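> predicted model and sequence below, questions to follow.
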Amino acid sequence: MKGIVAHAVRLPAYSVSRDEIARAWQTSSPGGQKRCVRFDEDSLTLAATAAQDCLSSLGSSSVGGLLFASTTAPHLERLNASLIAAVCDFPETCVTMDFASSLRSATSGLQTALSLIEGRQGESLFVCAADTREAEPNSGEEMLFGDAGAAVAVGNQNVIAELVSAATVYDDFLDTVRRDRDEFITSFASKFSTDRGYLAPMQSAIQSALKQGSLTAQQVSKAALTSPDKRSHLQLAKKLGLAENQVQDILFNDVGLTGAAMPLVLLSVALESAQSGDIILVAAYGNGADALVFRVTDSIRKYKSSVAISRQAARVLYASYTQYRKARDYFRHADNGLEISNVLYAKEEHQNIRLHGSECSHCGTRQFPVTQVCVSCKRADQLREVALGRTGTVFTFAQDELYPSPFPPTLMAVVDLNGGGRIYCELVDCSPSDVRIGMPVDLMFRKIKEGGGLYHYYWKCCPGRGL
Amino acid sequence: MTRSLTQEVAVIGVSCTKFGENFDQSLQEMMVEAGTAACQDAGISVDDVQAAWLGTFSPGFGGGKATITLSDALKMRGRPITRVENYCATGTDAFRNAAAAVAAGKYEIVMVLGAEKLRDRAVRGLQREGIHPYLEAGSTAPGLFALFANRYIHTFGMDRRILAKVAVKNHANGALNPKAHFQTKVTEEQVLKAPVIAYPFGLFDCCPTTDGAAAAILCRADMASKFRKELILLRGSGLAVMSGKPFLDPTVDYLGFPSTQAAAQQAYRQAGISDPVKELDFCEVHDCFTWTEITNYEDLGFCNKGEGAKFIEEGRSSLTGDVPFNPSGGLKSFGHPVGATGVRMIYEIVTQLRGEAGARQVKDAKVGLAHNLGGPGAVACVVILGREA
């Protein structure tokens, strides 16, 4: 049996109301809000957080690969999946692959992972996806596009949703296009695009997958269908013969259309409330379509979701459109000058990216960063490198108005990590008035700066999510 | 057995430029002013100086990172010059090294010169060079000290009014000091209403960034009477180095600075001081932020841990209190040109011991202490000077 063994969704803590966007441009609003990343997040950090959350739900299993899907990967040349795998502290023998260019890159990644898992008994492969698509200001897409990440781990032990069947079709159709030099998409949105670019390939792939699984539309418990807008997925459902209650809500009102992340986001949400025996369909479009059918197993009863979507309500609603733009663009428009060598990066990768520290075998003290002489008993030959915990409590903090930020104060925290070790990092996704000594926090991989032609990532922390 | 420096080194000359925004003076011009004035004060010429120690923290335009800066400024050629950099404790550490060389008998007359030009910069606040790009990302000087102040307040409780009292006191003292960066009194209300920089620190809880230079001439104690009628001797000194990244050290309790405690113990032992309240007449301490002065009262042993608030509330550290702290105005009002600050403290102690401090003169000043702190407790240096009867 092969299939899904764990899943997680990661929604940004920030949101903007569509009415505020409409107010800024004097247009009409489809209502609701969309989630948006802050300047220190991107598709890589969203996916990395989702992958780690997914990992926390997974029992012990060796990880054989990490596949990353996005149309907005921060690096066009540099393997994003490798960086995410390092953040997750996965072994160097992992398969790492980036999937790009298509809104169905995540479902293509999922199909690839399910093929790769054959013969890898006891291993799991992670597929993570995230998108932070930039919409042109005052465009229709600006109302629609939201940011999110999700991750699904596949394996062949403790499978919670067994793969039944999968199908794909491709069609080099001009629907949405973003060339290498473009900041925003060129859209051919029209009834023709919906019919030919969305409904036709989705219908074809889904019907083919159901047929392979000897299933009818009526047997589908939940269909996680991506959509090019607020409602076309319902039109698709109708054509397929699915009732509205068989269709997974696409989170339009709270999150928006999340691009390449959308199929995994919807799949994960569908799995959160799935029962043993349920048939779950996931399908995504984009120059064709992918459809996968899963049957939920008895293992779902023992499965514990890491951070359910119901616990990821937006913490900060931007007061205005300008606040939203300022938060999103802060790093994009200024190179704030951090230059490092690849020597330092390579030398300290275990410490800075994998969050390794040292543990003294004489006195047991765990410490960060990796060090040669114990901070506690001062012995020089007793330290060994260890992976540190990624949750902790605030020992002390500062609310710094001086540090350059679009939204001062910058919150800085000294965090005592669970299991030992102390780190100093920014506290994000938290209102200054909510910071307390002793508050639980989770470490999160975020951007700290740009400069020297690089995005610089490091650890920050956010209020504890009860992992 | 280490050799005691006590009674072996005299300070025979001191000087200090006006501290402030010295836009019309380069780093080297300030060095020339301070260096020549200190020689004049000692009644010697620059040629009589056998060796020099230069304290600078942050090289800017016009040098500062190497000994040649001082050689080029004073044309002090063909002699040993050593540059000292030890965070914000640079100045006192330069003094400590110079004193050790004299005590060791290597030289008879030496110069210590600290200088810094901080207002010639594009960024706000203290430029922090060479910090780790990841492990220290997001840190600023006020932010780092706020980590300590917040934990301290969490543990002992303290009103921001207490911190304001430090600013009010040191501004009042600075108002009496013609060389101070700020010479304006402030009220408690002004301090409390000022924009917040990093809670609990408002603008007036933070020392400024300043330009300035200060110098001292040291000689063998047995030669001092040739140059000055009064005899001011080094009684003791101490330097203690802790971690530059206390925020990663799980053994740090954030309630004070063990570096200050250790440096003070070294200096007290050497000077034979067992009760600082009774045996010291005044202190020039490192008040980079108002809370730093509160913890200094405790770490230097003037009161118990957690009782610093009471110490200032009772007025004991005011100019007329039993142990005036920062009669000069401190870093808070005199200003903080990093490399110069420690030497400026020596200048103030000597000026007070000579009875030449004018309106800010401490009554019966016979023994004074200088305390210089670098980083959030990374380095501390304590120097004790006394006037011989």
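Received it, and whenever you're ready, just let me know what you need. Keep in mind that what you see is a predicted model, and the values were worked out from it rather than measured. Numbers count the residues shown, from 1 in each chain, chains lettered A, B, ... in the order given.

> return the nearest residue of the stretch 51-200 of chain A with respect to chain B.
A:Val87 (13.2 Å; C-beta to the nearest C-beta). C-beta here means a position set from N, CA and C on the backbone, and glycine is covered the same way.

> wait, that residue sits on A:Ala47?
No. The criterion here is C-beta atoms under 8 Å, and A:Val87 misses it with A:Ala47 at 9.4 Å.

> of those two, give the one with the bigger neighbour count.
Taking other C-beta atoms under 10 Å in any protein chain shown, A:Val87 and A:Ala47 do not tie; A:Ala47 has more neighbours (36 against 23).

> picking that back up, contact partners for the residue of the stretch 51-200 of chain A closest to chain B?
A:48, A:51-52, A:353-354, A:445, A:457 (C-beta atoms under 8 Å, 6 or more residues apart in numbering or on different chains).

> next step: those residues restricted to helices.
Among those, the members falling in helices (DSSP state H) are A:48, A:51-52.

> quick one: which of those is most hemmed in?
In terms of neighbour count, A:Ala51 stands highest of those at 32 neighbours, by other C-beta under 10 Å.

> would you confirm that it contacts A:Cys128?
Yes. A:Ala51 is in contact with A:Cys128 according to C-beta under 8 Å; the separation is 4.4 Å.

> common neighbours of those two, please.
A:66, A:84, A:151.

> hey, what's the first one bridged with?
Okay, so that is A:Leu66. A:Thr96, A:Phe126 (DSSP bridges).

> so how many other residues sit close to it?
With other C-beta under 10 Å as criterion, A:Leu66 counts 31.

> model confidence for it, exactly?
A:Leu66 is assigned 98 on the pLDDT scale.

> over to B:His286?
pLDDT, read off for B:His286, is 98.

> give me the secondary structure label for the closest residue to it other than its chain neighbours.
Excluding the flanking residues, the one nearest B:His286 by C-beta to C-beta, 6 or more residues apart in numbering or on different chains is B:Leu373, at 3.8 Å. Classification of B:Leu373 by DSSP: H, G, I helix; E, B strand; the rest coil places it in strand.

> any idea how far B:Leu373 is from chain A?
According to C-beta to the nearest C-beta, to the nearest Å, B:Leu373 stands 18 Å off from chain A.

> so what's that residue up against?
Contacts for B:Leu373 (C-beta under 8 Å, 6+ apart) come out as B:88-89, B:257, B:259-260, B:286, B:288, B:292, B:296, B:379-380.

> remind me what the worst-scoring helix or strand of chain B on mean pLDDT packs against, helices and strands.
One helix or strand of chain B scores below all others by mean pLDDT, DSSP states H and E: helix B:68-74, with a mean of 94. If you count contacts as 3 or more C-beta pairs under 8 Å, 6 or more residues apart in numbering or on different chains; DSSP states H and E, helix B:68-74 packs onto helix B:27-42, strand B:51-55, strand B:81-84.

> how about the helix or strand that A:Phe395 is a member of, does it reach chain B?
Assigned by DSSP states H and E, A:Phe395 falls within strand A:391-400. Yes. Judged by C-beta under 8 Å from any C-beta of the partner chain, strand A:391-400 comes into contact with chain B through A:395-400.

> just the buried subset of these, written out for PyMOL, thanks.
Listed next is the PyMOL selection for buried residues among the residues of strand A:391-400 next to chain B, using 16 or more other C-beta atoms under 10 Å in any protein chain shown:
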select buried, chain A and resi 395+396+397+398+399+400
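
> can you list the residues of strand A:391-400 next to chain B in a markdown table and add pLDDT and distance to B:Gln190?
A markdown table is the format used below for the residues of strand A:391-400 next to chain B (pLDDT from 0 to 100; distance: C-beta to C-beta, whole Å):
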| residue | pLDDT | distance to B:Gln190 |
| --- | --- | --- |
| A:Phe395 | 98 | 33 |
| A:Thr396 | 98 | 28 |
| A:Phe397 | 98 | 27 |
| A:Ala398 | 98 | 23 |
| A:Gln399 | 98 | 21 |
| A:Asp400 | 97 | 22 |
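
> ok, now which ones touch the residue nearest to the spatial centre of chain A?
Taking C-alpha atoms, centre = their mean, the centroid of chain A lies closest to A:Gly149, which sits 2.2 Å from it. Shown in contact with A:Gly149 (C-beta under 8 Å, 6+ apart): A:9-10, A:43, A:46-47, A:49-50, A:128-130, A:261, A:265.

> so which of those residues is the closest to A:Ser193?
The nearest member of the contacts of A:Gly149 to A:Ser193, counting by C-beta to C-beta, is A:Ala261 at 21.3 Å.

> in a helix, that closest one, correct?
Yes. Counting by three-state DSSP, A:Ala261 is located in a helix.

> and B:Ala115, that one's in a strand?
Yes. The assignment for B:Ala115 by three-state DSSP puts it in a strand.

> so which of the contacts of B:Leu373 are in helices?
Per DSSP H, the contacts of B:Leu373 map to helices at B:259-260, B:292, B:296.

> for the strand holding A:Phe395, name the packing helices and strands.
In terms of contacts (3+ C-beta pairs under 8 Å, 6+ apart), strand A:391-400 is packed against strand A:410-417, strand A:440-451, helix B:141-156, strand B:196-198.

> lowest-confidence stretch among those?
strand A:440-451 (a mean of 94).

> can you lay out the contacts of A:Gly149 as a markdown table showing pLDDT and distance to chain B?
Below are those laid out as a markdown table (pLDDT from 0 to 100; distance: C-beta to the nearest C-beta, whole Å):
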| residue | pLDDT | distance to chain B |
| --- | --- | --- |
| A:Val9 | 97 | 28 |
| A:Arg10 | 97 | 22 |
| A:Ser43 | 98 | 21 |
| A:Leu46 | 98 | 20 |
| A:Ala47 | 98 | 20 |
| A:Thr49 | 97 | 18 |
| A:Ala50 | 97 | 23 |
| A:Cys128 | 98 | 23 |
| A:Ala129 | 98 | 27 |
| A:Ala130 | 98 | 22 |
| A:Ala261 | 98 | 27 |
| A:Val265 | 98 | 30 |
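
> greatest separation within the residues you listed: which pair is it?
Going by C-beta to C-beta, the pair spanning the contacts of A:Gly149 furthest: A:Val9 and A:Ser43, at 14.1 Å.

> A:Glu183: how many residues sit nearby?
Neighbour count of A:Glu183, defined by other C-beta under 10 Å: 9.

> where does the stretch 151-300 of chain B have low pLDDT?
For the stretch 151-300 of chain B, not a single residue meets the criterion pLDDT under 70.

> show me the helices in it, by range?
Secondary structure of the stretch 151-300 of chain B (DSSP state H, counting those that start in this stretch): helices at B:160-174, B:188-193, B:258-271, B:276-279, B:290-299.

> quick revisit: identify the bridge partners of the residue nearest to the centre of chain A.
Beta-bridge partners, per DSSP bridges, of A:Gly149: A:Arg10, A:Ala130.

> how many neighbours does the closest residue to A:Pro369 other than its chain neighbours have?
Excluding its sequence neighbours, the residue lying closest to A:Pro369 (C-beta to C-beta, 6+ apart) is A:Gln351, at 4.5 Å. Per other C-beta under 10 Å, the neighbour tally for A:Gln351 reads 19.

> isn't A:Gln351 right up against A:Ser358?
No. Assessed by C-beta under 8 Å, A:Gln351 is found out of contact with A:Ser358, at 9.2 Å.

> cheers, nothing more for now.
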